[in-house]
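Visitor: Pasting a predicted model and its sequence here:
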Amino acid sequence: MTFTSDSASTRFSGAFNYSTSDAISSSIAVFKALSVDDQLAVLWYAYTEMGRSITPAATGAARLQLAQGLLNQIKQMSHSEQLEVMRDLAAQRNTPISRSYGILSINTKLAFWYELSELMVKGFIIPVPAGYQLSRDGSQVLETLKQLDFGQQITVLRKVVADMGVDPLAD
C-alpha cells in the first residue's frame, strides 16, 4: 500500500482520539512510507531533539561495543559514502554493513543510531544538510513522536530501527 500525504494525514488525524497504540502504529506505518532521506532525517531529529531522554535507555541497555566496529568503519568513510551506508541501512539493501547491522540486538541498534546522531553533531559523520526540509509526513511523524510519552517513543524508535539493515540469518 502506498501512502500519500493525504493518506498519512488521514492516518494521523484522529490517532490520539482512538488510542495510544493507534498513534504508535500510525507513526510506524507513516515512517516506513517516508522516503529514505526523510526516514534518516526523522531519526536524526528525534535523537537530537528528544535524545537526552533516549540516551539512558539506548546506551544503558545495549552493548554498544558490539556496534563500535561498524561505527568506526563508517567514521573512516567519505561523507558521500557515509550517507550511502545510512541510506542502505534504511532501505534494507543487502551490503556487508547492512548484514553486520542486521545481527545486532534491537537495543544495540537503538544505541547505534543514537551514537550515529552524536557523531553527526560532532562532525565525524555527514550531517543533515543545512536547510533540509522534512516532508509534511516526516514532520507529522516527528510531531507525533514528541507527543508520545518516553516508553511510547522508544517503542516507535525500536520498531523502525529493528527493521533496518538486513538479517543475514533470515531466509
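Guide: Sure thing, it's come through.

Visitor: buried residues in the strand or helix carrying residue 23?
Guide: Taking DSSP states H and E as the criterion, residue 23 maps to helix 20-33. Applying a neighbour-count criterion of 16 or more other Cβ atoms under 10 Å, one finds 23-31, 33 buried in helix 20-33. Every C-beta, even on glycine, is put in place using the N, C-alpha and C of the backbone.

Visitor: where's residue 90, which helix or strand?
Guide: Assigned by DSSP H and E, residue 90 belongs to helix 79-91.

Visitor: I meant residue 104, not that one.
Guide: Here residue 104 is assigned to no helix or strand, by DSSP H and E.

Visitor: If I look at it, what pLDDT would I see?
Guide: According to the prediction, residue 104 has pLDDT 92.

Visitor: So what's the residue count around it?
Guide: 22 (other Cβ atoms under 10 Å).

Visitor: Wait, it touches residue 67, no?
Guide: Yes: here residue 104 reaches residue 67: they are 5.9 Å apart, a contact under Cβ atoms under 8 Å.

Visitor: Reformat the buried residues of helix 20-33 as JSON lines; add pLDDT and distance to residue 83.
Guide: Converted to JSON lines, those look like this (pLDDT from 0 to 100; distance: Cβ to Cβ, whole Å):
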{"residue": "23", "pLDDT": "84", "distance to residue 83": "30"}
{"residue": "24", "pLDDT": "90", "distance to residue 83": "29"}
{"residue": "25", "pLDDT": "91", "distance to residue 83": "29"}
{"residue": "26", "pLDDT": "89", "distance to residue 83": "28"}
{"residue": "27", "pLDDT": "90", "distance to residue 83": "24"}
{"residue": "28", "pLDDT": "93", "distance to residue 83": "24"}
{"residue": "29", "pLDDT": "93", "distance to residue 83": "25"}
{"residue": "30", "pLDDT": "92", "distance to residue 83": "23"}
{"residue": "31", "pLDDT": "94", "distance to residue 83": "19"}
{"residue": "33", "pLDDT": "95", "distance to residue 83": "21"}
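
Visitor: between the residues you listed, which is nearest residue 82?
Guide: Nearest to residue 82 out of these is residue 31 (Cβ to Cβ; 21.5 Å).
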